[in-house]
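Visitor: one predicted model, sequence on top.
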Amino acid sequence: HVQLVESGGGSVQAGGSPRLSCAASGYRYSRYCLGWFRQAPGKEREAVASIYTGGNLYYADSVKGRFTISIDIAKNTLNLQMIALKPEDTGTYYCAAGGADCTLDPRRYNAWGQGTQVTVS
């Protein structure tokens, strides 16, 4: 049973550079994907970034050049380094995991964390 626990959210000023982390446990596959999604109030959940252990990275156009996704396989931790935050980056950020090259398609993910709130003002 995969468990994902996000951390690192909070209130940030515009232009700030917070880092989100996701501790993953219980994953059985040698190849898997981990991704970040976010949901703003009143809006649908949207993809932010994804990383496949086979070597592929994916970013939503809205965060390219500002967000960096990385994975520490030894620690089973997914990270999202954010810079130059904007108010429109506000939302609940979710970590998700899947058993293949998931890209940014949420249907390919089968495990989700509870989310961590990021508020940019």
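Guide: All right, it came through fine.
Visitor: mind listing what the spatially most central residue of the chain touches?
Guide: Closest residue to the average C-alpha location of the chain: residue 36 at 1.9 Å, with Cα atoms, centre = their mean. Contacts for residue 36 (Cβ atoms under 8 Å, 6 or more residues apart in numbering) come out as 20, 22, 47-50, 67, 69, 78, 80, 93-96. (C-beta placed from N, C-alpha, C; glycine too.)
Visitor: identify the bridge partners of it.
Guide: Legend: beta-bridge partners of residue 36 under DSSP bridges are residue 49, residue 95.
Visitor: for residue 116, see how far away it is.
Guide: Using Cβ to Cβ, to the nearest Å, one gets 10 Å for the distance from residue 36 to residue 116.
Visitor: shouldn't residue 89 be in contact with residue 117?
Guide: No: look at residue 89 against residue 117 with Cβ atoms under 8 Å: they stay out of range, at 11.7 Å.
Visitor: neighbour count for the two, which is higher?
Guide: residue 89 (23 against 13; other Cβ atoms under 10 Å).
Visitor: not counting its neighbours along the chain, what's nearest that one?
Guide: residue 120 (5.2 Å; Cβ to Cβ, 6 or more residues apart in numbering).
Visitor: ok, how many other residues are close to that neighbour?
Guide: 18.
Visitor: now do residue 112
Guide: By other Cβ under 10 Å, neighbour count at residue 112 equals 17.
Visitor: so what's the closest residue in space to it that isn't next to it in sequence up against?
Guide: Distance criterion Cβ to Cβ, 6+ apart; nearest residue to residue 112, sequence neighbours excluded, is residue 96 at 5.0 Å. By Cβ under 8 Å, 6+ apart, the contact list for residue 96 reads 4, 34, 35, 36, 37, 102, 106, 109, 111, 112, 113.
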